[in-house]
Every structure is written in structure tokens, then in C-alpha cells.
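Asker: Provided below are the primary sequence and the corresponding predicted coordinates.
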Amino acid sequence: MKLSLLAASLLGRNLGSENPAGTKLGRDVLSADKLSSTPKARDVPLHVVRLDMWRNDQDPIESHSRRKRQVVETAVDNMLTLYFVNATVGTPPQEVRLHVDTGSSDMWVNTPSSDYCSAARRPCANAGTYDPAHSGTHTLVDNSFNISYVDGSGASGDFVTDVLTIGDASVEDLQFGVGLNTTSPRGILGIGYTSNEANVLRDGVKPYENLPIKLVSQGLIQSAAFSMFLDDFDSRTGTVLFGGIDRGHFTGDLITVPIQQENGQYRRLLVTLDKIGFDDATISENMALAVLLDSGSSITYLPDNVAQAIFKKADATYMEEQGLAFVPCSNRQTAHDITFSFDDPLSIVVPYSELVLNIATNSGKRPIFGNGEDACLFGIAPAGSGSNVLGDTFMRSAYVVFDLENNEISMAQAATSEVQSDVAEIAAGSDPVPGATRVAKPVAATQGLTNTGQEVPEDGNEEEGVAIGLGGRSPAAVLMAAVVAVAATVVLC
């Protein structure tokens, strides 16, 4: 079968990286290089479009803080621990940068006329904005768009339809929100279940076709499935493939487990976590714990007792007031592993080094311990009363395939060295993921499920249109307070 691939490279960001002088989001930043069709595995001809992006020098504390038949591949930019895609919207195209979020399902963009984006400091300039009045292909749907996230950020305004371009795939008449009122400098590309769209949760209305579904209905991919490779913390590149997998980005076999239902419905991308180990020691077993695979969460959130047991093994200092743990940055060199075991035989090993995150205060200085050692954020935190989340600190070690049509997730250990790309299409049908093997005896989650699939903010009151993903947990103010406390007292012992 002939395979047409729409591809783009995915970039990463680490503390201390810089943009080339004078670069900003726009045509001077984006370049598209068409690569000639080259026979790949099984002599399948691939037409590849590569989209290169520069790293954006953003405050790493802010970046970290929000806890929150064909193949289409799109570019994602790793801003320390959050992941972004460059896209264009409308006719003529208006360039935007969107946060890729598997924990929510709505796409929305900022508009330049909002009070937030039109402020003197121009907070939305780097991520781009969209003005429907300047697009000849937009159509107003209604003014019911309203989404909020449990970290307090959100947006409201109009629903419109317009053309979205990612890689060289143009998606016609895609419905998304326009943030007339917003608290975030960049928009969101939610790619979860349509049943988790904000208006469905709030008003019980019929879901609209979000990006994964629209790609299928327009014949750009065969199945509402996508794979995600975030690569390791130090890497600049990675990929998201809609409608395909890249066998060059994982080792071993893809193992498939069922997505867990809540209240009889599929709403969130939950799987069952059964066991956690630290090196040869067992931290917790027989957990039957529902965990959310969320690219919109900077770090990983586990039950409090499990997190505390890991802190003890990892030589991490927990700050109860902030709900975060810190480790000496030198610990990144230690050879420890944390193993996450799901339905047998699926296990993902996360190297300790992937959990040691660089941070800085507003002044740009690194916080230090009382003994003068540099302090780094540890990439696991207690979940408290909220959801258990496998965020970016887990997902960088896993190759993950999300199959929304068959309600399954396949995972394998992410490749740690450069290998040749080997892309295969995800077909329609009940066995769509190439080479994946379903577990023989899946375990149903009995812990960590909610009745509605909807997160409840810490004040206990449900907010309208609340979304599960995008930094559902560590609000900017909390992390900022933690870093300031470390730096100000210079004591963590």
C-alpha cells in the first residue's frame, strides 16, 4: 500500500539554551524543506515534509509550572518540560504556537484584541495570535467557548471553524475556540477524546470533531490514533505522528493495554499502573491504579505514600508547603532507575537522570541547598487528592501510541540513541497498530478513578469547562513560591 507521510521535526529546550539573536515566531523562524521520496522499510515510498523550529528562550519556571491511510507528523517544541507545536490558522495563514496536551481535547488560540494579549508588554507576541476577521475562510459557530484548567488558567470567547495547517497537512473547517478572554500567552492543542471537550463536560452537548477525528473524516489518516515520542531531557528533537508509528523510536515490542473507563465512559487517557520499583527494590505493588498519560503535565504525580517512598530512595528533600521535592543537581549522574509496571509484561524504565530538572529563580540564578549545592527539581510529586498523572518526566522514557478508536494505548521503551526512521501507518480496524501485542490478562483499575472523569479544583468546587490536562497540578504561584523559598533561605536539609 502506498503511504504518504506528512512530517515535521520536533525540537527540545533545556535550561540555558538560547534563541539565535533576533528570532521570533514568524517566517524568519520557520522553514520547510521538502525531502524527496525515499524508499523505506518494505519499499514503502514516503513523502516527507520537514518543519524546523528554533528553541524559544522562555522562563523555565513558568514553562514547568502548568500542571496542569496517510500519516501526519507534526513538530513539537520542548520548552524544558512542556511541548509545543507550530501551526498556521486561517487564510491567509496566521502563525501560532500551541501547547500539545493529551489531557484535554479542545484546541483554542489567542486573539490579538483580547485584554491579555493587547497589554503593553505584548505577552502573546512570541506564541502568535489569530484574528478571525483577517481570515477569509473562518465561520462563526457560536460564542459558547469556555474552558478553564485546574491551575486557574483558562480562556473563553467564540467557537469558529477555519483551516489549520500542521506540517503540510491542511485540515479544513476545524472547530476551535478563540480566546477573547484569556489568562495564558499561548493556545492549546488538546488531542484527547471528544467526550472530554469542555462544553461536553459542562453542558452535556454533542461533541464536535476535534483534530484527531477531523484528520480521519477528511481522509488524511485512516484511524483516530497518534504516537508520541518526546525523546530524552537533553534532546532537541522528537515527533508526534498522527495515523502512524515510527519503529525507529522505540526498542523491544509495543505492548497494548486497555484505556480505563470512568462511570462507564471513555473520557481520559487512563491506564492501569500495577507496580513501581526503584532499582531492585519494590516501592509499591498490586496497585491497580488508574494513571493519566498527560503531555500537558510537566511532572509525574503519584499517591502520596508512593511518592514519599521514592523520595527516600532518591535522596530527595520534600517541601511540604509547596508539595514539591528537590535533589542535588549532581544526582543527575547517579545510575538509578525507576520502573513503572503496567499489565504484564509492559514495563517502562525511567532513568533517574530524567527526573532531575533544572530550575531558576526570577533573577536567573539557580537555587541552592544550605551546603551550597545546586538544587534541582525532582520530577515526581505527591498527587494529594487529585489525579495520578504520568507526565512528561515519565513520557520522555516511553514511546506511546494513543488509539482513540479502539480505546487502547500501546507503549514501548523509547529509543535512547539515534536510529533510522522507520514509519508505518496505523490502519483502520480492530488491530491497527503495526506489530503491537495486546496483554493477555489486563487488570481493571480499582483506584484513582473519578465518577465523572472531571477534575475538581482544590477548593472543592467544580469549575465550568474544567479540563483535565495542561498543568492540572502545579500552579505557577506554587512552584514560584517553592523556588523563592529555597533561594531565600538557602536551606534545604
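Answerer: Yep, that arrived. Remember, predicted model here, so these are calculated numbers, not experimental data.

Asker: where in this protein is pLDDT low?
Answerer: 1-82, 150, 236-238, 361-363, 418, 451-493 (pLDDT under 70).

Asker: Spatially central, which residue of it would that be?
Answerer: residue 295 (1.8 Å; CA atoms, centre = their mean).

Asker: For it, give me its contacts.
Answerer: The neighbours of residue 295, taking CB atoms under 8 Å, 6 or more residues apart in numbering as the test, are 83, 100, 101, 102, 103, 228, 230, 391, 392, 395, 469. (Each C-beta comes from the backbone N, C-alpha and C, glycine too.)

Asker: How many residues are close by the third one?
Answerer: The one in question is residue 101. Counted by other CB atoms under 10 Å, the residues lying close to residue 101 total 29.

Asker: same check, this time on the fifth one
Answerer: Residue 103 sits with 30 neighbouring residues when counted by other CB under 10 Å.

Asker: Specify the local secondary structure of it.
Answerer: State at residue 103, reduced to three classes by DSSP: H, G, I helix; E, B strand; the rest coil: coil.

Asker: so it makes contact with residue 269?
Answerer: Yes. The pair residue 103 / residue 269 is scored as a contact, 7.3 Å apart, by CB atoms under 8 Å.

Asker: Assign the residue nearest to the centre of the chain to helix, strand or coil.
Answerer: Classification of residue 295 using three-state DSSP returns coil.

Asker: which non-adjacent residue is nearest it?
Answerer: Leaving aside its sequence neighbours, residue 295 sits nearest to residue 102 (CB to CB, 6 or more residues apart in numbering; 4.6 Å).

Asker: again with residue 243
Answerer: Residue 243's closest residue in space is residue 221 (CB to CB, 6+ apart), at 2.7 Å.

Asker: before we move on, what about residue 419?
Answerer: Computed as CB to CB, 6+ apart, the closest residue to residue 419 that is not its neighbour in sequence is residue 248, at 4.3 Å.

Asker: pretty sure that neighbour is in a helix, no?
Answerer: Yes. Residue assignment for residue 248, taken from three-state DSSP, places it within a helix.

Asker: residue contacts, it?
Answerer: Applying CB under 8 Å, 6+ apart to residue 248 gives the contacts 415, 419, 420, 421, 422.

Asker: Next: residue 310.
Answerer: Per CB under 8 Å, 6+ apart, neighbours of residue 310: 276, 278, 283, 302, 316, 338, 380.

Asker: Just the buried ones out of these, please.
Answerer: 276, 278, 283, 302, 316, 338, 380 (16 or more other CB atoms under 10 Å).

Asker: how about CSV for the residues you listed, with distance to residue 169 and secondary structure added?
Answerer: Formatted as CSV, the buried ones among the contacts of residue 310 follow (distance: CB to CB, whole Å; DSSP: H, G, I helix; E, B strand; the rest coil):
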residue, distance to residue 169, secondary structure
276, 38, strand
278, 42, strand
283, 42, strand
302, 36, strand
316, 42, coil
338, 37, strand
380, 36, strand
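
Asker: export those to JSON lines and tack on distance to residue 174?
Answerer: Formatted as JSON lines, the buried ones among the contacts of residue 310 follow (distance: CB to CB, whole Å):
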{"residue": "276", "distance to residue 174": "39"}
{"residue": "278", "distance to residue 174": "44"}
{"residue": "283", "distance to residue 174": "43"}
{"residue": "302", "distance to residue 174": "36"}
{"residue": "316", "distance to residue 174": "43"}
{"residue": "338", "distance to residue 174": "39"}
{"residue": "380", "distance to residue 174": "36"}
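
Asker: Would you check which pair of the residues you listed lies furthest apart?
Answerer: 276 and 316 (14.7 Å; CB to CB).

Asker: Can you show me the strands along the stretch 51-200 of the chain?
Answerer: Under the criterion DSSP state E, counting those that start in this stretch, the stretch 51-200 of the chain contains strands at 70-74, 76-79, 82-89, 94-101, 107-110, 139-149, 154-166, 169-182, 187-190.

Asker: which one of these has the most crowded surroundings?
Answerer: Mean neighbours per residue, mean count of other CB atoms under 10 Å, is largest over the strands of the stretch 51-200 of the chain for strand 187-190, with a mean of 31.

Asker: ok, it: who's next to it in the sheet?
Answerer: If you go by DSSP bridges, strand 187-190 pairs up with strand 94-101 (parallel), strand 107-110 (antiparallel).

Asker: and the shortest one, how far from the chain's centre?
Answerer: From the chain centre to the centre of strand 107-110 is a distance of 16 Å (CA atoms, centre = their mean, to the nearest Å).

Asker: just to revisit the earlier point, overlap in contacts, residue 103 and residue 269.
Answerer: Residues touching both residue 103 and residue 269 by CB under 8 Å, 6+ apart: 192, 292, 294.

Asker: and of the contacts of residue 310, the nearest to residue 329?
Answerer: Nearest to residue 329, judged by CB to CB, of the contacts of residue 310 is residue 316 at 12.2 Å.

Asker: is it true that the closest one touches residue 325?
Answerer: Yes. Taking CB under 8 Å as the definition, residue 316 is a contact partner of residue 325 at 4.1 Å.

Asker: Could you tell me which residues touch both of those two?
Answerer: residue 378.

Asker: Distance-wise, check residue 105 relative to residue 347.
Answerer: 29 Å (CB to CB, to the nearest Å).

Asker: what about those two, which has more around it?
Answerer: Ranked by neighbour count (other CB under 10 Å), residue 105 and residue 347 place residue 105 first, with 32 against 17.

Asker: wait, what's in contact with the residue nearest to residue 180 when sequence neighbours are not counted?
Answerer: In space, and not counting its chain neighbours, residue 180 is closest to residue 157: 3.3 Å by CB to CB, 6+ apart. By CB under 8 Å, 6+ apart, the contact list for residue 157 reads 111, 114, 143, 145, 177, 178, 179, 180, 181, 182.

Asker: Out of the residues you listed, which comes closest to residue 430?
Answerer: Nearest member of the contacts of residue 157 to residue 430, counting by CB to CB, is residue 177, at 33.4 Å.

Asker: Residue 435: how many residues sit nearby?
Answerer: For residue 435, the neighbour count with other CB under 10 Å is 11.

Asker: domain assignment for this structure?
Answerer: 4-229, 250-489 (automatic domain parsing).

Asker: Serialize these to CSV and add fields for distance to residue 243.
Answerer: Below are the domains of the chain laid out as CSV (distance: least, CB to CB, whole Å):
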stretch, distance to residue 243
domain 4-229, 3
domain 250-489, 5
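
Asker: from the contacts of residue 310, which is closest to residue 206?
Answerer: residue 302 (35.6 Å).

Asker: residue farthest from the centroid of this structure?
Answerer: residue 371 (35.4 Å).

Asker: so it sits in a strand?
Answerer: No. Residue 371: not assigned to a strand; according to three-state DSSP it is coil.

Asker: From residue 317, how far off is it?
Answerer: Noted for residue 371: a distance of 11 Å to residue 317, by CB to CB.

Asker: Now do the strands for the stretch 351-493 of the chain: every range, in order, please.
Answerer: So, for the stretch 351-493 of the chain - with DSSP E, counting those that start in this stretch - the strands run 356-357, 375-378, 380-382, 389-390, 398-403, 408-414, 423-425, 437-438, 466-467.

Asker: partner strands of the first one, parallel or antiparallel?
Answerer: Sheet neighbours of strand 356-357, with direction, are listed as strand 375-378 (antiparallel) (DSSP bridges).

Asker: ok now the partner strand, how far from the chain's centre?
Answerer: In terms of CA atoms, centre = their mean, the centre of strand 375-378 is set 21 Å apart from its chain centre.

Asker: Give me the contacts around that strand.
Answerer: Contacts of strand 375-378 (CB under 8 Å, 6+ apart): 64, 299, 311, 314, 316, 324-329, 331-332, 355-359, 366-369, 479, 486, 492.
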